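Visitor: Fold the following.
(chains A, B and C)
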Amino acid sequence: MQTALVWFRQDLRLEDNPALNRALANGHAVVPVYLWSPGEAGDWAAGGAAKWWLHHALEDLQKQLKQEGLDLVLRQGDALEEIPKLAAESGAAAVYWNRCYEPWRMRIDSRLKSELKEAGLEAWSGNASLLREPWEVATQAGKPYKVFSPFARRCQPMPDAAPEDLAGRLRAPEKMPAGQELEELGLLPKIRWDEGLAAAWEPTRKAGQARLRQFLRHRAKNYDRQRNLPAVDGTSRLSPYLHWGQLGPREVAAAVRESGSSKGLRSFYNEIIWREFAYHVLYHFPTTPESPLQPKFRDFPWEKDDKLRQAWQQGRTGYPLVDAGMRQLYETGWMHNRVRMLVGSFLVKHLLQPWQTGERWFWDCLVDADLASNTLGWQWAGGCGADAAPYFRIFNPITQSEKFDGGGEYIRRFVPELEKVPDSHLHKPWTMPPRMQEECGCRIGQEYPAPVIAHEDGRARALAAFEKIKEAS
DNA sequence: TGAAATGTTGGGGCG
DNA sequence: ACGCCCCAACATTTC
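Guide: Numbering: from 1, shown residues only, chains lettered A, B, ... in the order given. Below you'll find the predicted structure:
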């Protein structure tokens, strides 16, 4: 009986896992491995919140494997060094994994594959993360898409690829390589700022599946309307499960298909396609995590300012909905998408901070931090990416607040100092007369900050900055 | 998945 | 009855 190393990365599940199934289909015993390789990722090693999630997702995977009689081998180090070592230590004849699409991983994987083959091992990679490979989708002219709608059209109909069942019983190998304890990977924060995350999330595959079922049963029908209201639990909240591969997109698509068809379902499926589009763009334009896709934005006159950046990060800009969003992010590792668009617009346009500043903060704070989606989202906000919001499209933080959190439920949940501010002034608390400020215990400049910049001024300044790069296209 | 400025229309008050 | 003005409501354009 031969042994295969199955290398887990962002496919932390046993079902619908092509690499694992390959081992089973070939009748191999399985050595399941997770390698913690922060050094490979350069600036894009998992951030604090993502590491917290990873820790628990690995713990969950460990348990699932245990039930199948297998021990997950945990190691640290670079793949090019450790994977061949692990293969040798376990006497494996084959190494199987599922593809990741971050630029550095693409480079490492292809080198690893040829080195393993040279050493006489079978090396094989499958697709656990996407409905379609980024290179399979192309325009008539054979070029990558830069606009979402035609990309989405090209992705119709929904592929009927069903999730794969486990292709047999897992068998333990004769030799197990030595591994480390999960705690030794140091994924959990040293100072315990993670209570908010733990209260908001259950980072297990079972919880992800339950959430998917619940969402499709109760929320999907009205998704197209409810998803814009941050106070309502109207979105799927599946992003972290999808990022870590505790859920796969095939499983989600299959569940959507089975749920029938409604406007809400279609618009939810559209979001799954946005995720695919993000990977498509990242694959074809691998410098976009750092550089704007539209070259004219290279010389954009940002006005970097640490004070403004910190006010934004800490949710102390003086605009209630912006601040509520930033605090939700910090406390729960997640932010409602409507609010993500607003805080993105605000940072880039009103505050003239580079979009990469926001991209980096989200990377550190989000449990669903995903290089492809985060990059696409921030270039969208910056107006410099594929199918981006045009630069002159500037969200009004007051109007958005009145429109999408009119009752202030979301704002009051995350900005408690505004608790007693009446609805009439909640969206622009700086207009409260002094007397009212006293009465509701919210003095502007004391308990809650004055706006860091007046909306009209921020808007005018952003438009003026845009003028400077306008002709240079 | 924008907002503001500008343009158009039509009802109603009023001299 | 008529013209004039105001303004809300809606449409278009501009940023």
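Visitor: give me every residue that touches whichever residue of the stretch 151-300 of chain A sits closest to DNA strand C.
Guide: Nearest residue of the stretch 151-300 of chain A to DNA strand C (CB to the nearest atom of the strand) works out as A:F300 at 15.5 Å. Quick note: C-beta positions are derived from backbone N, CA and C, even for glycine. A:F300 makes contact with A:P292, A:P354, A:C384, A:A465, A:K468, A:I469, according to CB atoms under 8 Å, 6 or more residues apart in numbering.
Visitor: Relative to A:A462, how far out is it?
Guide: Per CB to CB, to the nearest Å, A:F300 is found 11 Å from A:A462.
Visitor: name the helices or strands packed onto the helix or strand harbouring A:L242?
Guide: Under the criterion of DSSP states H and E, A:L242 resides in helix A:239-243. Applying 3 or more CB pairs under 8 Å, 6 or more residues apart in numbering; DSSP states H and E, we find helix A:239-243 packed against helix A:205-214.
Visitor: How about the helix it packs on, which residues are buried there?
Guide: Applying a neighbour-count criterion of 16 or more other CB atoms under 10 Å, one finds A:R205, A:G208, A:Q209, A:R211, A:L212 buried in helix A:205-214.
Visitor: Name the SS class of A:R171, please.
Guide: Here A:R171 is coil, with the state taken from DSSP: H, G, I helix; E, B strand; the rest coil.
Visitor: So it sits against A:M1, correct?
Guide: Yes: between A:R171 and A:M1 there is a contact at 7.5 Å, judged by CB atoms under 8 Å.
Visitor: Next, show the common contact partners of those two.
Guide: What both A:R171 and A:M1 touch, as defined by CB under 8 Å, 6+ apart, is the set A:H28, A:A29.
Visitor: neighbour count winner among those two?
Guide: The neighbour count for A:R171 versus A:M1, taken as other CB atoms under 10 Å, is higher for A:R171 (16 against 9).
Visitor: pLDDT wise, what is that one at?
Guide: What the model reports for A:R171 is a pLDDT of 94.
Visitor: Show the pLDDT at the nearest residue to it once chain neighbours are set aside.
Guide: If the residues on either side of it in the chain are set aside, A:R171 comes closest to A:A29, at 4.6 Å by CB to CB, 6 or more residues apart in numbering. Looking at A:A29, its pLDDT is 97.
Visitor: residues in contact with A:A29?
Guide: When the contact criterion is CB under 8 Å, 6+ apart, the partners of A:A29 are A:M1, A:Q2, A:T3, A:A4, A:R171, A:A172, A:P173, A:E174.
Visitor: Distance of the third one relative to DNA strand C?
Guide: The reference is to A:T3. To DNA strand C, A:T3 is 61 Å away according to CB to the nearest atom of the strand, to the nearest Å.
Visitor: Tell me how many other residues surround that residue.
Guide: Neighbours around A:T3, by other CB under 10 Å: 21.
Visitor: Three-state assignment for A:P177, please.
Guide: coil.
Visitor: Could you measure from the closest residue to it other than its chain neighbours over to DNA strand B?
Guide: Nearest residue to A:P177 in three dimensions, chain neighbours excluded: A:E89, at 3.7 Å (CB to CB, 6+ apart). Remark: distance between A:E89 and DNA strand B (CB to the nearest atom of the strand) = 47 Å.
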